[in-house]
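J.: This is a predicted model, with the sequence first.
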Amino acid sequence: MSPELPMVVPAPGLPERVTIYEVGARDGLQNEQTVVPVEVKAEFLDRLAGSGLGVCEATSFVHPKWVPQLADAAELLARLTRAPGVDYPVLVPNERGLDRALDAGIEHVAVFASATETFAQRNLNRSLDGQFAMFDTVVTRALDAGLRVRGYVSMCFGDPWEGAVDPGQVAAVGRRLHEMGCHQLSLGDTIGTGTPGHVDAVLDACTAAGVPMEQLAVHFHDTYGQALSNTLAALRRGVTTVDASAGGLGGCPYAESATGNLATEDLVWMLDGLGVAHGVDLDALVATSAWMAQQLGRPSPSRVVRALAG
């Protein structure tokens, strides 16, 4: 057996298959200080899809003033060769963003909510409760147009201004998005402070609030090195969709302490070792992230990319 493949030792209580929700092209790049050329972004998405990833979040129709890196969203989607069977969701912060997504022929959108008052104010210019009035119209219109709508919930495991976040508060936000019609909720550890027991508590609170486990996804940042252990905890509970970013790219432009997302390659290596199917060609993905690291002019943060790309 090649030393560059993990030994497969299945563990009990894990899903047979996991969907990797690739966020590298949107969440991974949004915090880059130097604007990445649109043709590089398009090739990045082509390479990601070519590696076997079935979900590649493409961009966000956020106002260019707030995230200049994504000002080329419409041009990117016009350039993009959409691979058969690959889903290319986009983030829509408001009705204007939804209009642009509809014009681009997108079939899957996401809204970005906050589990805390302070982050809602800073990121959305809304109160914790007031954010739902904005989302309600967007979600209703998207569903009426036949789109699927994902709900991101940020700051689920800690907030840099408020500190610890009550899992019950996370669940209350998630329940409202679920009741609006979001088909999936992605629970975000935006500053990476969560640990496995904390993951259990948040998942327990969400299911107790009436959100089915099969509609929950997890989105972990690796600020304190906990992303993989937290992911494994979620998988043991029955979560089958995991957000990850190729090469470990990303952060959050509104939370300075938030470092990179869980690296997709590191996730794939763990899933391979556990015998959990995912459909991704690791060699192709590593080559893609090594290529993108060259475009950005710095090494990939992913341990697996560094080990396999040399």
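T.: Arrived safely. Numbers count the residues shown, from 1 in each chain.

J.: just for this structure, where's the confidence low?
T.: Within the chain, the ranges that satisfy pLDDT under 70 run 1-3, 251-259.

J.: So which residue is dead centre in this structure?
T.: The residue lying closest to the centre of the chain (CA atoms, centre = their mean) is Asp243, at 4.1 Å.

J.: Tell me, how many residues neighbour Asp229?
T.: Actually, residue 229 is Ser rather than Asp. A count of nearby residues for Ser229, using other CB atoms under 10 Å, gives 15. Where C-beta positions appear, they are placed from N, C-alpha and C, glycine not excepted.

J.: burial of the closest residue to it other than its chain neighbours, as a residue count?
T.: In space, and not counting its chain neighbours, Ser229 is closest to Pro196: 5.5 Å by CB to CB, 6 or more residues apart in numbering. Neighbour count for Pro196, taken as other CB under 10 Å: 15.

J.: who are the neighbours in contact with Pro196?
T.: Listed by CB atoms under 8 Å, 6 or more residues apart in numbering, the contact set of Pro196 reads 226, 229-230, 232-233.

J.: before we move on, back to that, confirm that the residue nearest to the centre of the chain sits in a helix.
T.: No. Read with DSSP: H, G, I helix; E, B strand; the rest coil, Asp243 is strand and lies in no helix.

J.: Quick check: chain neighbours aside, which residue is closest to it?
T.: Asp243 sits nearest to His219 (CB to CB, 6+ apart), 3.8 Å away.

J.: Please report how far Gly105 lies from Leu14.
T.: Counting by CB to CB, to the nearest Å, the gap from Gly105 to Leu14 is 36 Å.

J.: Are any of the contacts of Pro196 buried, and if so which?
T.: Among these, those classed as buried by 16 or more other CB atoms under 10 Å are 226, 230, 232-233.

J.: which two of the residues you listed lie the greatest distance from each other?
T.: Using CB to CB, these span at most 10.4 Å, a distance reached by Gln226 and Leu232.

J.: where do the strands sit along the protein?
T.: Along the chain, counting by DSSP state E, strands occupy 19-22, 55-56, 59-60, 90-91, 108-114, 148-154, 184-189, 216-220, 241-244.

J.: right, and those strands - which one's nearest Thr81?
T.: strand 55-56 (11.7 Å).

J.: Contacts for that closest one next, please.
T.: 19-22, 24-25, 45, 48-49, 86-89.

J.: There's contact between Gly174 and Ser154 in this structure, I believe.
T.: No. Counting by CB atoms under 8 Å, Gly174 stays clear of Ser154, with 11.5 Å between them.

J.: picking up where we left off before, among the buried ones among the contacts of Pro196, which lie within helices?
T.: 230, 232-233 (DSSP state H).

J.: would TSV of the residues you listed with distance to Phe112 be doable?
T.: Formatted as TSV, the entries for these read as follows, by distance: CB to CB, whole Å:
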residue	distance to Phe112
Asn230	20
Leu232	26
Ala233	24
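
J.: Okay, buried residues for stretch 296-310 please.
T.: Those buried within stretch 296-310 under the rule 16+ other CB under 10 Å are 300-302, 304-306, 308-309.

J.: Quick check: the farthest pair among those?
T.: Taking CB to CB as the measure, the buried residues of stretch 296-310 span a maximum distance of 14.1 Å, between Pro301 and Leu308.

J.: Include distance to Glu162 when you put the contacts of Pro196 into JSON lines, please.
T.: Below are these laid out as JSON lines (distance: CB to CB, whole Å):
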{"residue": "Gln226", "distance to Glu162": "20"}
{"residue": "Ser229", "distance to Glu162": "24"}
{"residue": "Asn230", "distance to Glu162": "20"}
{"residue": "Leu232", "distance to Glu162": "27"}
{"residue": "Ala233", "distance to Glu162": "23"}
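
J.: That's all I had, so thanks and see you.
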